[in-house]
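Asker: Structure, please.
(chains A, B and C)
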Amino acid sequence: MVVQTEFLIRTHGERDMQDITDNVQQAVKESGIRHGIAHIFHLGSTAAVGLIEFEPGLRQDLPELLHRLIPPSRSYGHERTWHDGNGHSHLQATWLGQSLSVPVRDGRPYLGTWQQVFLLECDIRPRNRTVVVTVIGE
Amino acid sequence: MVVQTEFLIRTHGERDMQDITDNVQQAVKESGIRHGIAHIFHLGSTAAVGLIEFEPGLRQDLPELLHRLIPPSRSYGHERTWHDGNGHSHLQATWLGQSLSVPVRDGRPYLGTWQQVFLLECDIRPRNRTVVVTVIGE
Amino acid sequence: MVVQTEFLIRTHGERDMQDITDNVQQAVKESGIRHGIAHIFHLGSTAAVGLIEFEPGLRQDLPELLHRLIPPSRSYGHERTWHDGNGHSHLQATWLGQSLSVPVRDGRPYLGTWQQVFLLECDIRPRNRTVVVTVIGE
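Answerer: Have a look, this model is predicted:
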């Protein structure tokens, strides 16, 4: 059995990290699937999805780490072509990733107690983001 | 068809990388599924799963690389709140990832000859780790 | 329903990034599956798969970033054992990842307009690469 849905998230600009675990849980619940996996996919190339203990400290630390290692810069090839100031956004989002699956057990995402699903805005302005959830199982 | 199992791994502390390919292979074998995918998921936020040529050199290189780019530090926001010394562990594990799928062919994980599945302990002490394997296919 | 196929890609050496979206789309089309996921897997430990806006700037930026953060070096443990000059290739490919899933909708990979699937050669010479696509759905 396969049930595919999507939901929208309004982000508040660069470094905005949001907990989307409840959205995923809702998608799993509505699918009626009890055991399997839920595939979580961000549709677009300048935001990422991942797993983290969602608390205020790490919510600040992860974007800071990304900016330290993959800083905004006008010297990226992407900038020289497009001049849109978000070359680093693409690189951050590609490296962190836009595809993730979590187990489904007893009709719910099966996660650790301190393990949540996040969406991280890597682009330089607020955006409307589409997340596609595909639940596969029985 | 969906078969979900889990296994436990005792880690020996930070930087301990273990080859869990045999555990995954066992889960696939016991599922009876011949073709499809095996989804491998670490339940928790301070260890990661991934793919590597599992040999002594890289087993040392990957944790060293993670510590060079994402070093232990008391200046993480996570530390200022929780004082548990493992802010870097969360960041390392989130970036490397806790979710991975491999193809299943002829009843076995279909991997390259020098491509193994690993669990990497990113936390600062030995832990008991739970890995969930969901095999989907026919 | 599960359909598994594979395709070959000839790479032109280190830093060669190729757009494999059409190959994935072909595999999805031939599977006859309308809704579900397509799992994309690189069989081997020194190339990676991922998602990016596939344009000339980023095609240069991502390999450059990987080389800045994970540079070629003879001091890796892998080098001291194997002397094959590709320790950094393994580390780059492991961190970027070799496993990826994308949603399938209406018989096609469901991606953003500027979101393509790439294969990145991380090894130090041209290689023949095998990519396994497993389409699961109905």
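Asker: only C-alpha atoms for contact and neighbour calcs from this point on.
Answerer: OK.
Asker: give me the number of residues near the residue of chain A found nearest chain B?
Answerer: Residue nearest to chain B within chain A (CA to the nearest CA): A:G57, separated by 3.9 Å. Per other CA atoms under 10 Å in any protein chain shown, the neighbour tally for A:G57 reads 17.
Asker: same question, the one 5 residues further on
Answerer: Other residues near A:L62 number 24, with proximity taken as other CA under 10 Å.
Asker: Does chain C have contacts with stretch A:103-118?
Answerer: No: applying CA under 8 Å from any CA of the partner chain, one finds stretch A:103-118 separated from chain C by no less than 14.4 Å.
Asker: ends of that stretch, how far apart?
Answerer: For stretch A:103-118, the first and last residues are 16 Å from each other (CA to CA, to the nearest Å).
Asker: again, but for stretch A:45-65
Answerer: End-to-end for stretch A:45-65, by CA to CA: 19 Å.
Asker: Would you mind listing what in chain A touches chain C?
Answerer: So far as CA under 8 Å from any CA goes, chain A lies against chain C at A:1-4, A:39, A:41, A:43-45, A:69-70, A:76-81, A:87, A:90-91, A:94-95, A:97-100, A:132, A:134, A:136.
Asker: who's in contact with the helix ranked longest in chain A?
Answerer: Secondary structure of chain A per DSSP state H: the longest helix is helix A:56-69. With CA atoms under 8 Å, 6 or more residues apart in numbering or on different chains as the test, helix A:56-69 has contacts from A:15, A:17, A:52, A:92, B:69-70, B:76-81, B:87, B:90-91, C:69.
Asker: returning to what we had before: hmm, which of the residues of chain A next to chain C are the buried ones?
Answerer: Neighbour counting with 16 or more other CA atoms under 10 Å in any protein chain shown marks A:1-4, A:39, A:41, A:43-45, A:70, A:76-79, A:87, A:90-91, A:94-95, A:97-100, A:132, A:134, A:136 as buried within these.
Asker: and chain B, which of those residues contact it?
Answerer: Okay, of those touching chain B (CA under 8 Å from any CA), that's A:L100.
Asker: and A:L119, that's in a strand?
Answerer: Yes: assigned with DSSP: H, G, I helix; E, B strand; the rest coil, A:L119 falls within a strand.
Asker: Now do the contacts for the residue lying closest to it once chain neighbours are set aside.
Answerer: Distances taken as CA to CA, 6 or more residues apart in numbering or on different chains put A:V49 closest to A:L119, at 4.6 Å, once the chain neighbours are dropped. Listed by CA under 8 Å, 6+ apart, the contact set of A:V49 reads A:40-42, A:96-100, A:117-120.
Asker: Give me the pLDDT for A:V49.
Answerer: What the model reports as pLDDT for A:V49 is 98.
Asker: Only the buried residues of the strand or helix carrying it, if you could.
Answerer: Using DSSP states H and E, A:V49 maps to strand A:47-52. Of all the residues in strand A:47-52, those buried under the rule 16+ other CA under 10 Å are A:47-52.
Asker: following the longest helix of chain A, which helix or strand comes up?
Answerer: Proceeding N to C from helix A:56-69, the next assigned helix or strand is helix A:77-82, under DSSP H and E.
Asker: how about the CA coordinates for that next one, as CSV?
Answerer: Taking Å, rounded to 0.1, in the frame of the first residue of the first chain, the C-alpha atoms of helix A:77-82 are listed here in CSV:
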residue,chain,number,x,y,z
GLY,A,77,30.5,29.7,-9.7
HIS,A,78,26.8,29.8,-9.1
GLU,A,79,27.0,33.5,-8.2
ARG,A,80,29.1,34.4,-11.2
THR,A,81,26.3,33.1,-13.4
TRP,A,82,23.1,33.9,-11.5
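Asker: Show me how far stretch A:72-90 is from its chain's centre.
Answerer: 21 Å (CA atoms, centre = their mean, to the nearest Å).
Asker: Endpoints of that stretch, how far apart?
Answerer: Rule used - CA to CA; the end-to-end distance of stretch A:72-90 is 10 Å.
Asker: Tell me the secondary structure at the residue lying closest to A:T113 once chain neighbours are set aside.
Answerer: Once flanking residues are discounted, A:T113 sits nearest to B:G44: 7.3 Å by CA to CA, 6+ apart. Put simply, B:G44 is coil when judged by three-state DSSP.
Asker: In contact with B:G44, which residues are there?
Answerer: Per CA under 8 Å, 6+ apart, neighbours of B:G44: A:111-115, B:129-130.
Asker: which among the residues you listed end up buried?
Answerer: A:111, A:115, B:129-130.
Asker: Name the residues that touch the helix or strand of chain A with the lowest mean pLDDT?
Answerer: Lowest on mean pLDDT, DSSP states H and E among the helices and strands of chain A sits helix A:77-82, with a mean of 88. Contacts to helix A:77-82, defined as CA under 8 Å, 6+ apart, come from residues A:74, A:85-87, C:55-58, C:60-61.
Asker: how far away is the most centrally placed residue in chain A from C:D106?
Answerer: For chain A, the residue nearest the mean C-alpha position is A:V49 (2.0 Å; CA atoms, centre = their mean). According to CA to CA, A:V49 and C:D106 sit 24 Å apart.
Asker: Also A:M1?
Answerer: Taken as CA to CA, the span from A:M1 to C:D106 is 16 Å.
Asker: and if you look at A:R129?
Answerer: 21 Å.
Asker: Also A:V133?
Answerer: 15 Å.
Asker: cool, and A:L111?
Answerer: On the measure of CA to CA, A:L111 and C:D106 end up 30 Å apart.
Asker: likewise A:G87?
Answerer: A:G87 is 32 Å from C:D106, by CA to CA.
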